[in-house]
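Enquirer: my questions are about this predicted structure, shown below with the sequence.
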Amino acid sequence: IAIPGDWEYQIKSMDNDSLNDVLILRPSSTKEYTGLMVGSSDVSQAVDGYTRQYGSAPSIGTIGEDAVLEQNRLNMDSVESEVAELVEIGGIEYWKAQTEGTYSGAPRTNILYSCFTGTNVYSYILLCTDESDETNEALAADLDQIVASASYQ
């Protein structure tokens, strides 16, 4: 992926065998609890089972909207609104979900992109806590560019 110039990043190693290293991105101009996590999970066993049962490889649409929204509302105390839709970016189908609510009394917006390629599920989760609407819009635009820049092997 292409990382915008004003975003700082670090790689966090995961101890879970199915979860690969996680890339954590933080825009330098935002508050402490705002950032983007990019990670992938190996779901080869689930893919093999699905393929044996249905005769074809699953797509991201195989994951239900309820599961996507449930993942996107993690770490929220309350949810005011949420929406999920299947979108195509660069020939790859993604779930895109946006949830607005609160976290520890502060306004929070979570935006999730999730795609399935090969035997991996890739997730981009932007958490905006206590940021202005203008900042949230700018961060969402950066997220769109990051996702659009992704290439998968």
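Expert: Done, it's in. What you see is a predicted model; the values in this text were computed from it and never measured.

Enquirer: which residue is nearest the centroid of the chain?
Expert: Nearest to the geometric centre of the chain sits Y124, at 2.6 Å (CA atoms, centre = their mean).

Enquirer: D133 and R73, how far apart?
Expert: 20 Å (CB to CB, to the nearest Å). Backbone N, C-alpha and C define where each C-beta goes, glycine included.

Enquirer: just to revisit the earlier point, any idea of the pLDDT on the residue nearest to the residue nearest to the centre of the chain when sequence neighbours are not counted?
Expert: Among residues not flanking Y124 along the chain, Y113 sits closest, at 4.3 Å (CB to CB, 6 or more residues apart in numbering). For Y113, the model assigns a pLDDT of 97.

Enquirer: which helix or strand in the chain has the lowest average pLDDT?
Expert: Here the helix or strand of the chain ranked lowest by mean pLDDT, DSSP states H and E is helix 44-54, holding a mean of 84.

Enquirer: element containing I111?
Expert: Assigned by DSSP states H and E, I111 falls within strand 106-117.

Enquirer: can you give me the mean pLDDT across the following helix or strand past the least confident helix or strand of the chain?
Expert: Once helix 44-54 ends, the next helix or strand along the chain (criterion: DSSP H and E) is helix 65-72. Throughout helix 65-72, pLDDT has a mean value of 93.

Enquirer: by contact count, what packs against helix 65-72?
Expert: strand 78-89, strand 92-103, strand 106-117 (3 or more CB pairs under 8 Å, 6 or more residues apart in numbering; DSSP states H and E).
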